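[1] My questions concern the predicted model and sequence given below.
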Amino acid sequence: MNIDPNLLHAAQRSLQRAVLWHLFDPNVSLIDLGWRILDRQGQAIEPELCVRVHVRQKLRGPDFKAFAVRHPERVFDARRIGFPVDVPQANYKMQLWPITWPSPATVPPASPRDQVFNPLVGGITIFNPLRSLYGTLGGKVADRQTGREMILSNWHVLAGAWSAPPELPIYQPHQINGRRLQEPIARLTRHAVDQHLDAAVAATTSLRPLSNDQLGLGPVTGAKTPELGLQVSKSGRGSEVTSGVITGVGGYRVRYYDGMQQVIRHIIHIAQTPAGGPVSSPGDSGSLWLEADTRRAVGLHFIGSDVPEYALALEMQPVLDALRVDLVV
């Protein structure tokens, strides 16, 4: 959806003010630009551009009044920020699965995406042996200088720890008939957390070829800048093929990665379509969000919320530039 350039410029200036004043508030889970959210379920959206300060717990009535008296500096004042402000409630969490589950009730259901894929495709299970975690193979990229073929996913999927060694092996899947695989499909190459992006690449081995396809969606056709109102789809290990609509862009979030506080930037906010249904679930970390009509990659999924049903992704072009790779189409 087209936005008046002057309005957008004013909104971006106000976004920076909100980030400066409120990003490190412990109750703030995200700050972005987007449409106003009218209900607690996140399904009623009004196309009014706002600076949105997402909070983990939203206070109302007397509780908010008492809080405002005690902590006036933590109140999100639209007059001070200089633009309309919306305060949605959501607590976003990383979406990957541990291989060692604390109880049978937390074991994810078996998925056909856990089988051996030859060729490898986007949307299937990959396994990190250092952290005993698995997420999703995002897609096929190539090094801009050498042309070397790589898989794209999140840092917390491909590394997950600052102690991750160079060329950490990545497996697909993690075992067959109860026996762990010995040959990796890829090895960790580099990441972009130091550039405020939860993204990484791993160079492929010669074990199996890597396709440009996304399981259940088809091949990626390129990259696209996210837009408010854009219909998108993704293929992931957790919730398989799902759809959503972009309601926020340009987001900032603070999170601890392996004990170190990091600011993550270029965040896209994705909500349910009017049809409802899941947007994302545990295991989807690393998936590619594609424009529904063209299959151009818009974002790299890295975090989500179940109530309300939201997904957060990283804008694709900054991810590619930070990692010095291009999509292979």
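    On my side now, so go ahead.
[2] Next one: His191, what pLDDT does it get?
    Looking at His191, its pLDDT reads 98.
[3] separation between it and Leu137?
    16 Å (Cβ to Cβ, to the nearest Å). Just so you know, the C-beta spots here come from the backbone N, C-alpha and C atoms, and that holds for glycine as well.
[4] Give me the more crowded residue out of the two.
    When His191 and Leu137 are compared on other Cβ atoms under 10 Å, the one with more neighbours turns out to be Leu137, at 33 against 21.
[5] Is the residue in the chain sticking out farthest from the centre part of a helix or strand, or is it coil?
    The outermost residue of the chain, judged against the average C-alpha position, is Val69 (35.7 Å), by Cα atoms, centre = their mean. Recorded secondary structure, Val69: helix (DSSP: H, G, I helix; E, B strand; the rest coil).
[6] now Ala66
    helix.
[7] Packing partners of the host helix or strand of Gln261?
    Using DSSP states H and E, Gln261 maps to strand 260-271. Under the contact criterion of 3 or more Cβ pairs under 8 Å, 6 or more residues apart in numbering; DSSP states H and E, strand 260-271 touches strand 28-37, strand 240-257, strand 296-305, strand 310-315, helix 316-323.
[8] now with 7 Å?
    Helices and strands touching strand 260-271, by 3 or more Cβ pairs under 7 Å, 6 or more residues apart in numbering; DSSP states H and E, are strand 28-37, strand 240-257, strand 310-315.
[9] Tell me which stretches of the stretch 151-300 of the chain form helices.
    Secondary structure of the stretch 151-300 of the chain, counting by DSSP state H, counting those that start in this stretch: helices at 155-158.
[10] burial count for Lys67?
    For the record, residue 67 is Phe, not Lys. Phe67: 14 neighbours (other Cβ under 10 Å).
[11] Tell me the first helix or strand C-terminal of the least confident helix or strand in the chain by mean pLDDT.
    Every helix and strand of the chain was ranked by mean pLDDT, DSSP states H and E. The lowest is strand 97-98, at a mean of 62. Next along the chain after strand 97-98, taking DSSP H and E as the criterion, comes strand 120-122.
[12] other SSEs contacting that next one?
    strand 210-214.
[13] if you set the cut-off to 10 Å instead, what comes out?
    Where contact means 3 or more Cβ pairs under 10 Å, 6 or more residues apart in numbering; DSSP states H and E, strand 120-122 is packed against strand 139-143, strand 149-153, strand 210-214, strand 231-236.
[14] got the CA coordinates for the helix or strand just after it in PDB?
    Later in the chain than strand 120-122, the nearest helix or strand by DSSP H and E is strand 125-128. Extracted C-alpha coordinates of strand 125-128, given in PDB (Å, rounded to 0.1, in the frame of the first residue of the first chain):
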ATOM      1  CA  THR A 125      14.000 -29.800   9.400                       C
ATOM      2  CA  ILE A 126      17.600 -29.000  10.000                       C
ATOM      3  CA  PHE A 127      19.500 -29.900  13.200                       C
ATOM      4  CA  ASN A 128      22.200 -28.100  15.200                       C
END
